[in-house]
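Student: Sequence plus predicted model, see below.
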Amino acid sequence: MNARNEPAAGGKVRVATASLAGCFGCHMSLLDIDERILDLVELVEFDRTPLTDIKTLGPCDLGLIEGGVANAENVQVLREFRRQCKVLVALGACAVTGGIPAMRNSVPLAECLDEAFVHGMGLANAGIPDDPELPLLLSQVHPIHEVVQVDYFLPGCPPSAEAIWSLLTAVLEGRALHLPLAQLHYD
Amino acid sequence: MSTPLETATHPEHLRRVCIEPLTRVEGHGKVTLLLDEHDQVQQARLHIVEFRGFERFIQGRPFWELPVTVQRLCGICPVSHHLAAAKACDRLVGAPALSPTAEKVRRLMHFGQVLQSHALHFFHLSSPDLLFGPDDHPAHRNIVGVIQDEPELARRGVLLRRYGQEVIRVCAGKRIHGSGAIPGGVNKALDNADRELLAADIAQVIDWAEDAVALMQGLFAAGGDAYRRFASVPANSLSLVRPDGALELYDGGLRARDPDGEPIFDHASDQDYADLLQEQVKPWSYMKFPFIAALGPAAGWYRVGPLARVNNCDFIDTPRAEAARRTFAAAGQGRPVQAVLATHWARLIELLHCAEAIARLLADPDLTGDDLLREGTPARAGIGVIEAPRGTLFHHYEIDADGLVTRANLIVSTTSNNQAMNAAIRRVAQDELDGHVLTEGLLNRVEVAIRAYDPCLSCATHALGQMPLALTLTRADGTVLDLLRRDADGGIRRAPPGSGGAMANARP
Ligand code: SF4
């Protein structure tokens, strides 16, 4: 039930994005390029991203991954992105290092389950969700380079819109990415 | 509690249709439908498939980190979490009443936040369904399609969002995950240059916001009965209100009303939320199901967010938004408006209110004051409640003598809408899908119902859940990184990398 446009016409660059164990802040920082998005759509074609209704991934020039790897579905989506994308980017602290969600790595999983669903505050009933529709949870949150090869790492939580714009223009112009120091930050 | 279509009697004989990933919503979720041989939907569920574990892993961290840490729950409404945590921390440092400067800077930041989030939701995510219809080609049904077909509207949407983000940047230092609020106040006020920067565009922003309300009001009127009935389910409403009954986004009492508009409770202290609300766990979603404790889970589930707020308030204290609210209220003919698609209308009325409220604050000399912090007698527990763009948001922390977090409870807005969204997709399943061959456009209607709630599934994934299978994670070079298995008894076992497969029991 998926429809996509014909292969990008007129040399448009095909871009896909995904949020794994992230907060969507990196996607928001992409939108923080503001009016430049109006020009960007002339130059790129979006494939699967949370902004479109394309639900399966086709061959792409650029894949942006937000968030680390926390469950089986994340692993599957990430591997699919690596297969389909010529250039794969770890976008932001969570993809680069695991980020804040990786703070759970120091806590045994069972304790987290217990806190949320058994002994947490205000619960009317206790019971840990276990339906087969829910993807398997990994015991640790991993940065994406531990699972696939990554071409570029963009630090920051989130990376600035300027840094993301530098990345996009570099890919559009087919040159290597060099970020000016002023665009790099780690908070 | 089980509602019709929540659980099929014999799921094993049914055909499964899965909508995954949900698109043009923020975060990770999916819908599963189970259909019988006559294409009648027997089960419809919205599943939240992600989890984070914030409530547990912030334990042991110093409380003053909270406003910065917990906003990483959500990059779309980080200011909401930033401020709810800061309000809880105000109580921990014994300063629930802030200096006028601190409170106004926080309010300004919050108005900027609600404005940008509402603009994002309407223009970037939902407007394609409303402008082009749910059956539009999926490759066109997105912001790029809006930019191509309605360039001026798209440009305004982008600029409205930019304005809200700039308000946040001025107040918090950064557009996303800034750090303006600290326990007991703020770390800086505005200077005159900031104020002039924001004041330069606000008149234009208000006009555009008013145009957006008119656009949505027109779409709603033109949509007729079908629009009003779509995914509509009568629900209780919960929101903060100001003591005089006005719409309130930053601080107020809790008001709950039943589907007819009759009060359930009113002006209840947000510090008593734990007596008013409880949460139910269901095995098929990581998102819990909150309900009004006095009514029980079957009758006590409620709706939060723009529709609940605009229905619940007695008035809005900015003139253009109040005029828009009156027209909105008239559509309910004396009762709360229950049409799910009216949520977009209510959302834009709030956007207009935020723009007007920003204009008013920018003229207030307190914004550039230098009295930033208050302190008082420290406390061991703090509760902070705020109206996030998507609805009432509860943060509750307890700390020890060293100021380290010992317990935490978060009820995020989208979680409060869990049952309402599930009820909405079941209504769509019954009204629109039953007996039909499912097409992409029909399935998109399920998402249209969910999108109206603007769910932030990132926020809603802060809880952790159990994994039903076993999994091996291998590194790019093929070495095993992580191996995880659930035993038949439900115990969770994990083989650390390099342990040769020996299982370490992770159960306490
Ligand atoms: S890096 Fe920061 S902004 Fe990006 S997903 Fe992670 S927490 Fe959110």
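Tutor: Received, thanks.
Student: residues touching the residue in chain A sticking out farthest from the centre, list them.
Tutor: Residue farthest from the centre of chain A, counting by C-alpha atoms, centre = their mean, is A:A124 at 34.8 Å. Going by C-beta atoms under 8 Å, 6 or more residues apart in numbering or on different chains, A:A124 touches B:278-281, B:291, B:297. Placement of C-beta: from N, CA and C, glycine included.
Student: And the strands in chain A?
Tutor: Using DSSP state E, the strands of chain A run over A:13-19, A:44-46, A:60-66, A:69-71, A:85-91, A:137-142, A:152-154.
Student: which residues does the nearest residue to B:F291 once chain neighbours are set aside contact?
Tutor: Leaving aside its sequence neighbours, B:F291 sits nearest to B:G300 (C-beta to C-beta, 6 or more residues apart in numbering or on different chains; 3.6 Å). Going by C-beta under 8 Å, 6+ apart, B:G300 touches B:236, B:291-294.
Student: repeat that for 10 Å
Tutor: Residues near B:G300 by C-beta atoms under 10 Å, 6 or more residues apart in numbering or on different chains: A:124, B:1, B:236, B:256, B:264, B:276-278, B:280, B:289-294, B:419.
Student: hmm, back to that, show me which pair in the contacts of A:A124 is furthest apart.
Tutor: B:V281 and B:F291 (12.0 Å; C-beta to C-beta).
Student: Tell me which residue lies nearest the centroid of chain A.
Tutor: A:E66 (2.1 Å).
Student: if I look at that residue, how far off is B:V93?
Tutor: 34 Å (C-beta to C-beta, to the nearest Å).
Student: Please compute how far the helix or strand of chain A with the lowest mean pLDDT lies from its chain's middle.
Tutor: None of the helices or strands of chain A scores lower by mean pLDDT, DSSP states H and E than helix A:109-117, at a mean of 81. Chain-centre distance of helix A:109-117: 26 Å, with C-alpha atoms, centre = their mean, to the nearest Å.
Student: okay, that helix in PDB with CA atoms only?
Tutor: Output of helix A:109-117 as PDB, limited to C-alpha atoms (Å, rounded to 0.1, in the frame of the first residue of the first chain):
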ATOM      1  CA  LEU A 109      16.100  -3.800  32.900                       C
ATOM      2  CA  ALA A 110      13.900  -5.600  35.300                       C
ATOM      3  CA  GLU A 111      14.100  -2.700  37.700                       C
ATOM      4  CA  CYS A 112      12.900  -0.300  35.000                       C
ATOM      5  CA  LEU A 113      10.000  -2.600  34.200                       C
ATOM      6  CA  ASP A 114       9.100  -2.800  37.800                       C
ATOM      7  CA  GLU A 115       9.200   0.900  38.300                       C
ATOM      8  CA  ALA A 116       7.000   1.700  35.300                       C
ATOM      9  CA  PHE A 117       4.400  -1.100  35.500                       C
END
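Student: by contact count, what packs against it?
Tutor: When contacts are defined as 3 or more C-beta pairs under 10 Å, 6 or more residues apart in numbering or on different chains; DSSP states H and E, helix A:109-117 sits against strand A:137-142, helix B:54-57, strand B:405-411, strand B:492-495.
Student: ok and that helix relative to strand A:137-142, angle-wise?
Tutor: 110 degrees (axes from the mean of the first three to the mean of the last three C-alpha atoms, to 10 degrees).
Student: Measure how helix A:109-117 sits relative to strand B:405-411, angle-wise.
Tutor: Using the same axes, to 10 degrees: helix A:109-117 against strand B:405-411 is 50 degrees.
Student: about what we covered before: distance to B:A363 and mean pLDDT for the strands of chain A - can I get that in TSV?
Tutor: Formatted as TSV, the strands of chain A follow (distance: least, C-beta to C-beta, whole Å; pLDDT from 0 to 100):
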stretch	distance to B:A363	mean pLDDT
strand A:13-19	39	94
strand A:44-46	41	92
strand A:60-66	39	97
strand A:69-71	46	92
strand A:85-91	39	97
strand A:137-142	46	89
strand A:152-154	40	95
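Student: now, of those strands, which is deepest in the fold?
Tutor: strand A:69-71 (a mean of 28; mean count of other C-beta atoms under 10 Å in any protein chain shown).
Student: does the residue of the stretch 201-350 of chain B found nearest the ligand count as helix, strand or coil?
Tutor: Of all residues in the stretch 201-350 of chain B, B:Y286 sits closest to the ligand, at 18.2 Å by C-beta to the nearest ligand atom. The three-state label given to B:Y286 by DSSP: H, G, I helix; E, B strand; the rest coil is coil.
Student: That one touches A:L137, doesn't it?
Tutor: Yes: in this structure, B:Y286 is within contact of A:L137 by C-beta atoms under 10 Å, at 9.2 Å.
Student: List the contacts of B:L361.
Tutor: When contacts are counted by C-beta under 10 Å, 6+ apart, B:L361 touches B:104-105, B:107-108, B:111, B:167, B:190, B:195, B:198, B:202, B:367.
Student: most centrally placed residue in chain B?
Tutor: B:R390 (3.2 Å).
Student: Check the burial of the nearest residue to B:C89 once chain neighbours are set aside by counting its neighbours.
Tutor: Distances taken as C-beta to C-beta, 6+ apart place B:P183 nearest to B:C89, at 3.6 Å, with adjacent residues excluded. Neighbourhood size, B:P183 [other C-beta atoms under 10 Å in any protein chain shown]: 25.
Student: pLDDT score assigned to B:P183?
Tutor: For B:P183, the pLDDT comes out at 97.
Student: Equivalent analysis for B:G403, please.
Tutor: So, for B:G403, pLDDT stands at 97.
Student: gap between it and B:P183?
Tutor: 10 Å.
Student: joint contacts of these two?
Tutor: B:63-64, B:92-93, B:378.
Student: Which ones, among the residues you listed, also lie beside chain A?
Tutor: Applying C-beta under 10 Å from any C-beta of the partner chain to the shared contacts of B:G403 and B:P183, one finds that nothing falls near chain A.
Student: one step back: got TSV for the helices and strands packed on helix A:109-117, with distance to B:T23 too?
Tutor: Formatted as TSV, the helices and strands packed on helix A:109-117 follow (distance: least, C-beta to C-beta, whole Å):
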stretch	distance to B:T23
strand A:137-142	23
helix B:54-57	25
strand B:405-411	26
strand B:492-495	32
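Student: Low-confidence regions, the chain specifically.
Tutor: If you meant another chain, say so; for now it's chain A. In the predicted model, chain A carries pLDDT under 70 at residues A:1-10.
Student: Hmm, no, I was thinking of chain B.
Tutor: Using pLDDT under 70, the flagged stretches of chain B are B:1-3, B:26-27, B:457-508.
Student: Residue in it with the shortest distance to chain A?
Tutor: B:G75 (2.1 Å; C-beta to the nearest C-beta).
Student: Report how many residues lie close to that residue.
Tutor: Neighbour tally, B:G75, other C-beta under 10 Å: 28.
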